[in-house]
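Asker: need a structure here:
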Amino acid sequence: METEFSGIEQRLERLKRCLTKLEPLKEKSKEEFYQDEYLQDIVERNLEVAIQSCIDIANRIISLDELEKPKDYYGSIIRLGEENILPYDFAQKFAPITGFRNILIHEYLDIDWDEVYKNLQRMDQFYKFMDYVKKWLSQKK
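Answerer: Below is the predicted model:
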């Protein structure tokens, strides 16, 4: 049976699958990463989907809680911080990932692989996001 929260739960599961694929790739050296186009493709795509999952989750929470809709994806993450769904300082640090998503999708010809590698190394932010959302879900159910 589908509930009002099932879309969030599905996206959390999708996010988890992306992180599971990315986790072992964090151990690759920069040199290995730069030399392996297949590895770059896997990381690029899974980071893109992970970020989009977070954005979709944020927007669904905003809708369910009937919060004022922000003007952009960055604002969606910030709004969760303003509403104490995410700690505000975490939201401020995490929100710029939405701009990185735009680069992956729209500026794919000029991707900065240093930034991709850095974001791969910062995957702990995604796990924190998941934990905060799960806490919100447990309070709502």
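Asker: Lowest average confidence across helices and strands of this protein, where is it?
Answerer: Sorting the helices and strands of the chain by mean pLDDT, DSSP states H and E puts helix 97-106 at the bottom, at a mean of 92.
Asker: check contacts around residue 121.
Answerer: Counting by C-beta atoms under 8 Å, 6 or more residues apart in numbering, residue 121 touches residue 26. All C-beta atoms are positioned from the backbone trio N, CA, C, and that covers glycine.
Asker: so how far is residue 95 from it?
Answerer: Going from residue 121 to residue 95 by C-beta to C-beta, to the nearest Å gives 18 Å.
Asker: Residue 30: neighbour count?
Answerer: By other C-beta atoms under 10 Å, 12 other residues sit near residue 30.
Asker: Next: the one 10 residues further on.
Answerer: The tally of other residues near residue 40 (other C-beta under 10 Å) stands at 17.
Asker: how far does the least confident helix or strand of the chain sit from the chain's center?
Answerer: Centroid displacement of helix 97-106 relative to its chain, using C-alpha atoms, centre = their mean, to the nearest Å, is 11 Å.
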